[in-house]
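1. the amino acid sequence is not available; the structure is as follows:
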């Protein structure tokens with residue numbers, strides 16, 4: 001016991017007591033320092049005193065070589081300015097790769113410039129006073145004056161890091177409603193629980209900021225094509241929004257989700273509901289979008305019921321008196337937001353919240369088709385992630401928090417409301433008004449339309465959208481041939497400027513284009529006609545051209561062929577398609593399965 005030493009290691013983050021012995025090597029001692037401060041070897045220098053006279057180096061020599069005594073204070077100096085953090089995951093957060101828009105906004109000043117007031121400002125031109133000093137991006141009076149309901153996420157970060165410590169201790173921690181694993185002081189749940197592993201109770205608050213401040217569709221044609229399916233069938237529809245995040249200049253340090261295309265996954269729709277099906281092409285769609293410089297920024301769904309077909313009006317039943325989003329829709333939005341987390345360097349987990357937006361197409365007060373945008377709060381994301389929020393059976397505006405069971409411990413969840421006496425009281429979330437979890441995000445289209453994918457000219461029939469077999473819009477080789485015959489060789493770039501066509505070319509197993517499609521995607525992304533012309537002359541596309549020319553535009557069905565031949569029919573042997581091996585009727589010119597010629 002006489003060899004035992006307790007040395008105090010002091011740093012700007014605090015002091016840690018480390019037990020060692022006189023014979024223990026400095027190598028082992030420095031590893032204990034790393035464990036205590038959650039840092040790595042090489043990120044700090046350890047001195048024997050505050051005067052920094054001697055450096056303790058990593059060797060096999062005993063610690064007693066440096067003549068330290070029991071109770072001595074050692075000084076730890078970081079080699080980098082920002083490597084220390086009170087959170088164990090801070091080292092990993094240095095490797096967080098944030099979105100390009102976040103990197104851009106981190107470099108911006110963010111303050112709101114004000115012009116000198118002619119009446120109040122009595123100073124020279126280059127001077128400032130309280131009447132013309134730039135405002136902080138989270139200034140409440142400015143946001144209220146500009147009718148901005150929520151501050152931006154980066155404004156909230158600036159607010160957290162504006163103090164004297166410059167946000168050194170500002171941490172954005174994600175809520176967890178699960179029992180902390182690894183507690184050895186009692187049997188696992190339901191055998192026991194303690195204050196160390198028990199999750200904290202959750203009090204729901206209205207979120208004062210939002211990760212995305214606006215959703216903008218590049219042009220109205222994007223939504224019109226999406227709504228065509230409902231107009232033709234009356235079935236509700238879901239689509240994923242692909243675009244990019246940009247700076248929204250109307251909100252201080254704001255972010256805008258700009259939508260360039262809508263991808264419609266496999267689904268089964270009805271007038272009252274939609275069911276998503278497994279998507280075999282999900283990875284291919286993500287790959288194509290990435291090559292085009294696009295990412296998935298949100299999802300859109302319809303909730304439309306026709307009221308008067310002659311006037312084109314729809315029913316209005318979403319609003320303040322009923323609900324904006326149902327509990328089931330909030331859970332779906334929370335699940336999708338959890339699948340698309342927002343990378344954040346201030347979070348110990350490396351992510352915080354989400355930029356994924358929700359757009360619902362429904363009827364407004366004038367009974368016209370209208371779009372509304374939302375996000376669910378970070379608290380809602382946590383409730384959905386831990387599977388403790390469920391919808392109610394007969395009230396879409398209410399959710400319900402599960403009760404604890406033998407399989408799962410659920411902490412208490414509260415929300416606050418004003419009672420009949422005007423007092424703020426806390427209520428258990430049994431049930432829970434969904435409005436506490438919602439954040440509205442404005443949706444609009446610009447006055448001057450933009451086009452990532454240039455629409456074809458007049459009298460050009462566009463290529464069918466994927467997964468619309470229910471309304472007889474099928475993506476097959478016959479549709480490709482019919483679409484390409486509308487363009488000349490000089491119009492190849494115009495023909496390829498279609499997101500749904502590019503997805504078909506990249507996913508069609510019968511076409512030899514999967515290995516070389518990246519060149520075409522790069523040409524469409526950069527609008528490089530020379531590169532597109534070079535790809536047009538490639539061997540792979542020449543093969544497709546020959547197949548298109550070989551497929552005659554004549555009718556393919558038995559009755560149409562008979563009518564074209566004056567009613568004559570033939571009863572010859574069936575033939576096997578050399579492309580997909582499907583067995584076809586002898587009178588069919590094209591394969592019924594793949595659409596390729598005989």
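-> Arrived safely, thanks for sending. Given the structure is predicted, the values throughout are model-derived calculations rather than measurements.
2. backbone phi and psi for residue 45, please?
-> When read as degrees, to the nearest 10, the backbone of residue 45 gives phi -130, psi 130.
3. all helices of the stretch 351-500 of the chain, in order?
-> 378-385, 477-484, 492-496, 499-507 (DSSP state H, counting those that start in this stretch).
4. just those: most buried one?
-> Among the helices of the stretch 351-500 of the chain, helix 378-385 has the highest mean neighbour count (mean count of other Cβ atoms under 10 Å), at a mean of 23. Glycine gets a C-beta too; all of them are placed from N, C-alpha and C.
5. what's that helix in contact with?
-> With contacts defined as Cβ atoms under 8 Å, 6 or more residues apart in numbering, helix 378-385 is touched by 174-177, 202, 204-205, 207, 330-331, 334-335, 337-338, 352-354, 376, 389, 401, 413, 437.
6. with stretch 446-453 instead?
-> 216, 218-221, 258, 260-261, 292, 294, 497-499, 524.
7. what do you get if the cut-off is 7 Å, keeping everything else the same?
-> Where contact means Cβ atoms under 7 Å, 6 or more residues apart in numbering, the residues beyond stretch 446-453 that reach it are 216, 218-219, 260-261, 497-499.
8. low pLDDT regions in the stretch 101-250 of the chain?
-> 164-169 (pLDDT under 70).
9. so how far is stretch 320-330 from its chain's centroid?
-> The chain centroid and the centroid of stretch 320-330 are separated by 21 Å under Cα atoms, centre = their mean, to the nearest Å.
10. now do that stretch, average pLDDT.
-> Stretch 320-330 carries an average pLDDT of 92.
11. which positions in that stretch come out as buried?
-> 323-327, 329-330 (16 or more other Cβ atoms under 10 Å).
12. from one end of it to the other, what's the distance?
-> 16 Å (Cα to Cα, to the nearest Å).
13. what of stretch 37-56?
-> OK, stretch 37-56 end separation, Cα to Cα: 16 Å.
14. sort out which residues of it are buried, please.
-> 37-39, 44, 46-48, 56.
15. low-confidence ranges, the chain, go.
-> In the chain (pLDDT under 70), the answer is 1-2, 80-94, 164-169, 552-572.
16. mind listing what the residue nearest to residue 399 when sequence neighbours are not counted touches?
-> Nearest non-adjacent residue to residue 399, counting by Cβ to Cβ, 6 or more residues apart in numbering: residue 327, 4.0 Å away. With contact taken as Cβ under 7 Å, 6+ apart, residue 327 is in contact with 391-392, 396, 398-399, 434.
17. wait, which of the residues you listed is closest to residue 266?
-> Nearest to residue 266 among the contacts of residue 327: residue 391, at 23.9 Å, using Cβ to Cβ.
18. count of neighbours near the closest one?
-> Look at residue 391: counted by other Cβ atoms under 10 Å, it has 17 neighbours.
19. from residue 306, how far off is it?
-> 26 Å (Cβ to Cβ, to the nearest Å).
20. out of the contacts of residue 327, who's nearest residue 6?
-> The closest of these, once distances to residue 6 are taken by Cβ to Cβ, is residue 399, at 52.6 Å.
21. if we can go back for a sec, and the two most separated of the contacts of stretch 446-453?
-> 216 and 498 (20.8 Å).
22. what ranges does the stretch 301-450 of the chain have for its strands?
-> 306-308, 313-314, 341-343, 351-354, 357-363, 369-376, 389-391, 398-401, 413-418, 424-428, 432-433, 438-441, 443-444 (DSSP state E, counting those that start in this stretch).
23. quick one on the thing from earlier: what's the distance between the residue nearest to residue 399 and residue 508?
-> Distance from residue 327 to residue 508, by Cβ to Cβ: 40 Å.
24. just residue 180 next, same as before
-> For residue 180, the distance to residue 508 - Cβ to Cβ - is 49 Å.
25. the more surrounded of the two?
-> residue 508 (17 against 11).
26. separation between residue 133 and residue 107?
-> 22 Å.
27. give me the more crowded residue out of these two.
-> For residue 133 versus residue 107, the count of surrounding residues by other Cβ under 10 Å is larger for residue 133: 10 against 7.
28. and the gap between that one and residue 72?
-> Relative to residue 72, and taking Cβ to Cβ, residue 133 is found at 50 Å.
29. neighbours around residue 300, how many?
-> Around residue 300 sit 26 other residues, with neighbours defined as other Cβ under 10 Å.
30. before we move on, back to that, would you turn the contacts of residue 327 into a markdown table with distance to residue 98?
-> Converted to a markdown table, the contacts of residue 327 look like this (distance: Cβ to Cβ, whole Å):
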| residue | distance to residue 98 |
| --- | --- |
| 391 | 34 |
| 392 | 38 |
| 396 | 36 |
| 398 | 37 |
| 399 | 32 |
| 434 | 30 |
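31. of those residues, closest to residue 170?
-> When those are compared against residue 170 (criterion: Cβ to Cβ), the nearest one is residue 434, at 29.9 Å.
32. ok, that closest one - how many residues close by?
-> 26.
33. surely it touches residue 399?
-> Yes - between residue 434 and residue 399 there is a contact at 5.5 Å, judged by Cβ atoms under 7 Å.
34. what residues are shared contacts of the two?
-> 327, 330.
35. in the stretch 1-150 of the chain, which spans are helices?
-> 26-37, 90-93, 100-106, 140-145.
36. out of those helices, which is closest to residue 66?
-> Closest among those, using Cβ to Cβ: helix 26-37, at 7.7 Å.
37. off-centre distance for the closest one?
-> 40 Å.
38. what sits up against it?
-> So helix 26-37 is contacted by 9, 11, 13, 16, 18, 20, 40-41, 46, 56-61, 63, 76, 84 (Cβ under 7 Å, 6+ apart).
39. wait, residue 551 touches residue 479, no?
-> No - between residue 551 and residue 479 there is no contact under Cβ under 7 Å: 11.1 Å.
40. can you count the residues close to residue 307?
-> 13.
41. kindly report the same for residue 596.
-> Count around residue 596 with other Cβ under 10 Å applied: 22.
42. got it, and residue 271?
-> 12.
43. so it, which of the three states?
-> The three-state assignment at residue 271 reads coil, by DSSP: H, G, I helix; E, B strand; the rest coil.
44. nearest spatial neighbour of it, chain-adjacent residues omitted?
-> Per Cβ to Cβ, 6+ apart, closest to residue 271 is residue 234, 5.4 Å.
45. and the buried residues of stretch 37-56, which is closest to residue 594?
-> Among those, and counting by Cβ to Cβ, the member closest to residue 594 is residue 38, at 58.9 Å.
46. tell me how far the ends of stretch 522-541 are from each other?
-> 16 Å.
47. list the buried residues for it?
-> Within stretch 522-541, the residues scored as buried using 16+ other Cβ under 10 Å are 522-524, 531-532, 535-536, 540-541.
48. tabulate those in a markdown table, adding columns for distance to residue 211 and secondary structure.
-> What follows is those, written out as a markdown table (distance: Cβ to Cβ, whole Å; DSSP: H, G, I helix; E, B strand; the rest coil):
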| residue | distance to residue 211 | secondary structure |
| --- | --- | --- |
| 522 | 30 | helix |
| 523 | 33 | helix |
| 524 | 29 | helix |
| 531 | 36 | helix |
| 532 | 36 | helix |
| 535 | 38 | helix |
| 536 | 41 | helix |
| 540 | 42 | helix |
| 541 | 41 | helix |
